[in-house]
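*Asks:* pasting the sequence and the predicted coordinates here, then a few questions.
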Amino acid sequence: MCKVTIAHQARVRAATAGWVVLLALVLRQGVDAWGAWPRGVRVLVGVAALTLAWWAMVTLHTQGVAVLLGALLLVWVADIAAYFGGRAWGRRKLAPTISPGKTWAGAVSGAAAVLALAWLWTWAAHWPTVGPWLADGFYARLGRGGAAGALAWLMLLTALSIAGDLFESLVKRSAGVKDSSGLLPGHGGVLDRIDALLPVLPAALAALTWQGG
């Protein structure tokens, strides 16, 4: 069982619920509404998001490198597949006023890639050379709660990944900037590298505790 205290379990579950509510509210309200939120509230949201994501990452790492890697791969695979799927088949925009480049086809491609990743991970867990390592990884633990529960969590994590990316785009548009910083030229800034991870990492930890992983 994922060795996380009851208090920590409650924390990551509350964080996941909080992210779902926040993202649904902010993305629904749009770019202009975010700028109308009190500055102190926006700063608090940012600090809380970074703090929770860091704590979740450290905690996932204590469960094993394969656990943390599985959560990170989910975000990376979803993002890459969404990009190429959107370029190949994207017609209908996902959130044109927030991020015109994102499409529903890209979102579906990201979700399909995550399912493929989970299946590939589970299949590779039977290999003699890597099986013992993968068998105790993120997707193996997630699957212990049952296929239906694992599928639901995978789709929620994928949706949070996409929504986290959209949220960061919304914040930048509200601030009237193209990049979140100049530390990573050509990458949109540091926040563009971690935006999807912010809601996903606490939710990934919540998934494991929920499933008894």
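*Replies:* Alright, I've got the coordinates.
*Asks:* any weak-confidence spans in this structure?
*Replies:* By pLDDT under 70, the low-scoring segments of the chain are 1-7, 179-190, 211-213.
*Asks:* so how far is residue 156 from residue 210?
*Replies:* Separation of residue 210 from residue 156 (Cβ to Cβ, to the nearest Å): 11 Å. C-beta coordinates here come from the backbone N, C-alpha and C atoms, glycine included.
*Asks:* check residue 175 too.
*Replies:* Per Cβ to Cβ, residue 175 is found 28 Å from residue 156.
*Asks:* comparing those two, which shows the higher neighbour count?
*Replies:* Legend: neighbour count by other Cβ atoms under 10 Å for residue 175 and residue 156, higher for residue 156 (18 against 12).
*Asks:* residue 58: neighbour count?
*Replies:* 11.
*Asks:* that one: which element?
*Replies:* Remark: residue 58 resides in helix 39-62, with elements defined by DSSP states H and E.
*Asks:* scan this structure for its longest helix.
*Replies:* The longest helix of the chain (DSSP state H) is helix 147-175.
*Asks:* which strands or helices does the following helix or strand past it pack on?
*Replies:* Using DSSP H and E, the helix or strand that follows helix 147-175 towards the C-terminus is helix 190-194. Packing contacts for helix 190-194, counted by 3 or more Cβ pairs under 8 Å, 6 or more residues apart in numbering; DSSP states H and E, involve helix 147-175.
*Asks:* got the angle for the helix it packs on vs helix 39-62?
*Replies:* 140 degrees (axes from the mean of the first three to the mean of the last three Cα atoms, to 10 degrees).
*Asks:* contacting residues for residue 20?
*Replies:* Under the criterion of Cβ atoms under 8 Å, 6 or more residues apart in numbering, the neighbours of residue 20 are residue 160.
*Asks:* quick one: distance of the strand or helix carrying it to the chain centre.
*Replies:* Per DSSP H and E, residue 20 falls inside helix 6-29. Relative to its chain's centre, helix 6-29 lies at 12 Å (Cα atoms, centre = their mean, to the nearest Å).
*Asks:* which is the next helix or strand following that helix?
*Replies:* Next along the chain after helix 6-29, taking DSSP H and E as the criterion, comes helix 31-36.
*Asks:* okay, that following helix in PDB with CA atoms only?
*Replies:* The C-alpha coordinates for helix 31-36 follow below in PDB (Å, rounded to 0.1, in the frame of the first residue of the first chain):
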ATOM      1  CA  VAL A  31      -9.100  35.500 -19.600                       C
ATOM      2  CA  ASP A  32     -10.700  38.800 -18.600                       C
ATOM      3  CA  ALA A  33     -12.200  37.500 -15.400                       C
ATOM      4  CA  TRP A  34      -8.900  36.100 -14.100                       C
ATOM      5  CA  GLY A  35      -7.400  39.600 -14.000                       C
ATOM      6  CA  ALA A  36     -10.400  40.800 -11.900                       C
END
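*Asks:* tell me what that helix is packed against?
*Replies:* On a contact count with 3+ Cβ pairs under 8 Å, 6+ apart, helix 31-36 meets helix 147-175.
*Asks:* which parts of the helix it packs on are buried?
*Replies:* In terms of neighbour count (16 or more other Cβ atoms under 10 Å), helix 147-175 has its buried residues at 150, 153-154, 156-174.
*Asks:* residues of the longest strand seen in the chain that come out buried?
*Replies:* Determined from DSSP state E, the single longest strand within the chain is strand 99-103. For strand 99-103, burial by neighbour count (16+ other Cβ under 10 Å) applies to 99, 102-103.
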